[in-house]
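*Asks:* Quick one, what's the 3D model for this:
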Amino acid sequence: MKLYQMVIRDVIRRKRQVLFAVIGVIIGTMTVVGIFTIARAGEARMIDQLEKYGPNLTVIPAISNVDMQLGDLSLGTLSVGENYIAEEKLPQIREIADSEIREVMGISDEGDIAIIAPKLYINTKVNGTSVMVVGVEPREEIKIKTWWRVSEGEYLEHTDQALVGAVAAELLGLSSGDRIALNGADITVAGILEETGSDEDYQVFVPLETLQKAFDKEGLISSMDIRALCNACPVVMIADDINNAIPGVRAIAVQQVASAEAEMMGRINRFMLALAGITLAVGLFGVGNTMMRSVNERIKDIGIMRAVGASHNQIMKVFIYQAIIIGIVGGVFGYLAGILLAYALGPVLFGVSSISPVPQYFPLALGLAIGVAVIATVYPAFRAARIKVADSFRSL
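*Replies:* Here you go, the predicted model:
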């Protein structure tokens, strides 16, 4: 009888013990694959969210709150600082942003690199209803808000046009082609935006210059969004340089806000990986225990093999091959179970609904399962190889 036939026959004969060992390997492999799959989906979600945020930086007026007190009596809070940013600061902000990107990314192009979209917010009434009107630079705004879709009409093309959010259009009873008055300025509704699920649904967008003239805010803006060349660009450095060089403004890096979520996800991933390590250790001991029982039950068979001339290596191979079978079966089913685990826990733990299998993790699952099974079998196999013929007779 050939060696592999002996191994297969022994696996079939001891299928219950082998099944318990396989289950231990499956659980450990499943946990690792599931965590890696969820973590990958979570990272992709964060990158996608950063893209959907549009800007990498937001620049707002540097307004601070001061607590007013008279002795022990609180008189309330006083806001100190300008509510607007002078539009003349925009070229300086662009110079800082573009120079940092050129230096870090090694770009020699002298043209504009960062996308800068200034905004002016005015709370006014349209058709007798209070609404937030936002002045924007149409060409720059659409480059940042790539998720905008016009459901009716067209995008802003002229200075006397408006783009209305989905909810605002419904509340105000507006359709494309309707006319509205903004502080005396006659504006035509060019289009209606698709619903985005954000504050934009309740806002009306008009060209920045038109809104400035209508409300006597020439040269003033409320904020500006900056989109750097890529997510890897030095947005934190750009924000620091803007805050240090230009008084009266405050630059905030969107990635700094997202980093807190990334750090929390990293901690949870590390905790889950620690649990996976413990599970793998349990699986390792389970395989080792199964192999030790197999050695004790097969002392007679091993003695006979030694009597007919089997070498130490051949006896060890019997157990190593059996471990490889356990590892292969455990790795395949552990990978599949890990994907199912990711589908089940992804939305619960990280709010990740777009889980997809990662084929690259299959070799990892297979190698990990086989490695655990083989490592757990080394000592039992070594002990089996040291059994002598006389030991088999004493076991009778």
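*Asks:* Strands of this protein, residue ranges please.
*Replies:* Secondary structure of the chain by DSSP state E: the strands cover 57-61, 64-70, 73-80, 85-86, 115-126, 129-136, 150-153, 161-164, 179-182, 185-193, 203-207, 220-221, 223-227, 249-253.
*Asks:* Could you export the ones you listed as TSV, including mean pLDDT, distance to L273 and mean neighbour count?
*Replies:* Every C-beta, even on glycine, is put in place using the N, C-alpha and C of the backbone. Shown next, in TSV, are these (pLDDT from 0 to 100; distance: least, C-beta to C-beta, whole Å; neighbours: other C-beta atoms under 10 Å):
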stretch	mean pLDDT	distance to L273	mean neighbour count
strand 57-61	86	33	20
strand 64-70	46	43	10
strand 73-80	45	46	9
strand 85-86	90	46	20
strand 115-126	90	39	19
strand 129-136	92	45	19
strand 150-153	92	45	16
strand 161-164	94	47	26
strand 179-182	90	56	16
strand 185-193	92	43	19
strand 203-207	94	44	24
strand 220-221	92	47	22
strand 223-227	86	34	23
strand 249-253	84	29	20
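*Asks:* Can you add distance to R270 and give these back as JSON lines?
*Replies:* JSON lines is the format used below for the strands of the chain (distance: least, C-beta to C-beta, whole Å):
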{"stretch": "strand 57-61", "distance to R270": "30"}
{"stretch": "strand 64-70", "distance to R270": "38"}
{"stretch": "strand 73-80", "distance to R270": "41"}
{"stretch": "strand 85-86", "distance to R270": "42"}
{"stretch": "strand 115-126", "distance to R270": "36"}
{"stretch": "strand 129-136", "distance to R270": "42"}
{"stretch": "strand 150-153", "distance to R270": "44"}
{"stretch": "strand 161-164", "distance to R270": "45"}
{"stretch": "strand 179-182", "distance to R270": "53"}
{"stretch": "strand 185-193", "distance to R270": "41"}
{"stretch": "strand 203-207", "distance to R270": "41"}
{"stretch": "strand 220-221", "distance to R270": "43"}
{"stretch": "strand 223-227", "distance to R270": "32"}
{"stretch": "strand 249-253", "distance to R270": "25"}
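*Asks:* For I38, find the nearest of those.
*Replies:* Closest of the strands of the chain to I38 is strand 249-253, at 26.6 Å (criterion: C-beta to C-beta).
*Asks:* For the closest one, what is the distance to the chain centroid?
*Replies:* Its chain's C-alpha centre and that of strand 249-253 lie 24 Å apart, by C-alpha atoms, centre = their mean, to the nearest Å.
*Asks:* tell me the domain ranges of this protein?
*Replies:* The record's domain split for the chain, according to automatic domain parsing, is 3-49+260-394, 64-253.
*Asks:* so which of the ones you listed gets nearest N56?
*Replies:* Evaluated with C-beta to C-beta, these place domain 64-253 nearest to N56, the distance being 4.4 Å.
*Asks:* number of nearby residues for K217?
*Replies:* For K217, the count of nearby residues is 17 (other C-beta atoms under 10 Å).
*Asks:* Also A344?
*Replies:* A344 has 13 neighbouring residues, counting by other C-beta under 10 Å.
*Asks:* Now D112. Its backbone dihedrals?
*Replies:* Per-residue torsions, D112: phi -70, psi 140 (degrees, to the nearest 10).
*Asks:* Return stretch 165-181 as CSV; C-alpha atoms alone will do.
*Replies:* In CSV, the C-alpha atoms belonging to stretch 165-181 read as follows (Å, rounded to 0.1, in the frame of the first residue of the first chain):
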residue,chain,number,x,y,z
GLY,A,165,-31.9,71.7,-4.5
ALA,A,166,-34.4,69.0,-4.7
VAL,A,167,-36.2,69.6,-1.4
ALA,A,168,-36.1,73.4,-1.8
ALA,A,169,-37.6,73.2,-5.3
GLU,A,170,-40.5,71.1,-3.9
LEU,A,171,-41.1,73.4,-0.9
LEU,A,172,-40.9,76.6,-3.1
GLY,A,173,-42.9,75.0,-5.9
LEU,A,174,-40.2,75.7,-8.5
SER,A,175,-39.4,74.1,-11.8
SER,A,176,-36.8,74.8,-14.5
GLY,A,177,-37.7,78.0,-16.4
ASP,A,178,-39.5,79.7,-13.4
ARG,A,179,-38.4,83.1,-12.3
ILE,A,180,-37.5,84.3,-8.8
ALA,A,181,-36.5,87.6,-7.2
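*Asks:* Counting neighbours, which bits of that stretch end up buried?
*Replies:* For stretch 165-181, the neighbour count (16 or more other C-beta atoms under 10 Å) marks 165-169, 171-172, 174, 176, 178, 180 as buried.
*Asks:* for these, which one is nearest A373?
*Replies:* A166 (57.2 Å).
*Asks:* just to revisit the earlier point, can you put the domains of the chain in CSV and add distance to N56?
*Replies:* Conversion of the domains of the chain to CSV gives the following (distance: least, C-beta to C-beta, whole Å):
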stretch, distance to N56
domain 3-49+260-394, 12
domain 64-253, 4
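*Asks:* Worst mean pLDDT among these?
*Replies:* For the domains of the chain, the weakest mean pLDDT is recorded on domain 3-49+260-394, namely a mean of 76.
*Asks:* How far does that domain sit from its chain's centre?
*Replies:* Distance, centroid of domain 3-49+260-394 to centroid of chain: 29 Å (C-alpha atoms, centre = their mean).
*Asks:* Kindly report the same for stretch 219-238.
*Replies:* For stretch 219-238, the separation from the chain centroid amounts to 22 Å (computed by C-alpha atoms, centre = their mean).
*Asks:* and the end-to-end length of it?
*Replies:* Terminal residues of stretch 219-238 are spaced 24 Å apart (C-alpha to C-alpha, to the nearest Å).
*Asks:* Many thanks, we can stop here.
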